[in-house]
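1. Just the structure for this:
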Amino acid sequence: MPTLILLMIAGALGYAFWNSSRAAAERAVVLGRNACRAADVQWLDQAVHAIGLRVARGNDGRLCFERTFKFEYSYDGIDRHVGRMVLRGDELVSFSGPGAARISAIRPDTDDAEDA
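-> From the prediction side, this is the model:
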């Protein structure tokens, strides 16, 4: 009986981790797409790739996961450049990518990005 309870707890923790990882990846996709749109560059492969995971403290002092994602973009459709973004929880902490994109223009759920 205790083994079954431990397996259920481990399964629930695994599902929670997987679910938060997918949510962070979907947020990174939105941020990467909006950054490329704001910089007027082509976002390649329509995806982001998780390249790092670590435990960090959030702004409120609580422990959370800090995930690093990379994406690729092109200025003219021939060359490929790599962009990176770091999300702590669901907050964008660091971004390097298309030069013309500004952090104020990278917002989810906006069709037209504006410069501040």
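2. So the residue most central in space within the chain: helix, strand or coil?
-> Taking Cα atoms, centre = their mean, the centroid of the chain lies closest to A28, which sits 2.7 Å from it. Recorded secondary structure, A28: helix (DSSP: H, G, I helix; E, B strand; the rest coil).
3. Assess the claim that it and I51 are in contact.
-> No: checked against Cβ atoms under 8 Å, the pair A28 and I51 is beyond contact range at 11.0 Å. Placement of C-beta: from N, CA and C, glycine included.
4. what residues are shared contacts of these two?
-> Residues touching both A28 and I51 by Cβ atoms under 8 Å, 6 or more residues apart in numbering: F69.
5. From the contact counts, what lies against whichever strand in the chain runs longest?
-> Longest strand in the chain, counting residues (DSSP state E): strand 42-57. Here strand 42-57 touches helix 2-39, strand 63-74, strand 81-88, going by 3 or more Cβ pairs under 8 Å, 6 or more residues apart in numbering; DSSP states H and E.
6. in this structure, what spans have low per-residue confidence?
-> The chain contains residues with pLDDT under 70 at 100-116.
7. again, only using 80
-> Residue ranges of the chain with pLDDT under 80: 1, 97, 99-116.
8. can you count the residues close to V41?
-> Residues near V41, counting by other Cβ atoms under 10 Å, number 21.
9. So it sits against G77, correct?
-> No: using Cβ under 8 Å, V41 is not in contact with G77; the gap is 9.7 Å.
10. Contacts for stretch 40-56 next, please.
-> 21, 25, 28-29, 32-33, 36-37, 63-75, 77, 80, 84-86, 88, 98, 100.
11. G52 versus L44, what's the distance?
-> Using Cβ to Cβ, to the nearest Å, L44 is found at 20 Å from G52.
12. Who has more neighbours out of the two?
-> The neighbour comparison of L44 against G52 (other Cβ under 10 Å) goes to L44, with 15 against 11.
13. ok, the spatially closest residue to the more buried one that is not a sequence neighbour - contacts?
-> Among residues not flanking L44 along the chain, E72 sits closest, at 4.3 Å (Cβ to Cβ, 6 or more residues apart in numbering). Listed by Cβ under 8 Å, 6+ apart, the contact set of E72 reads 43-45, 80-83.
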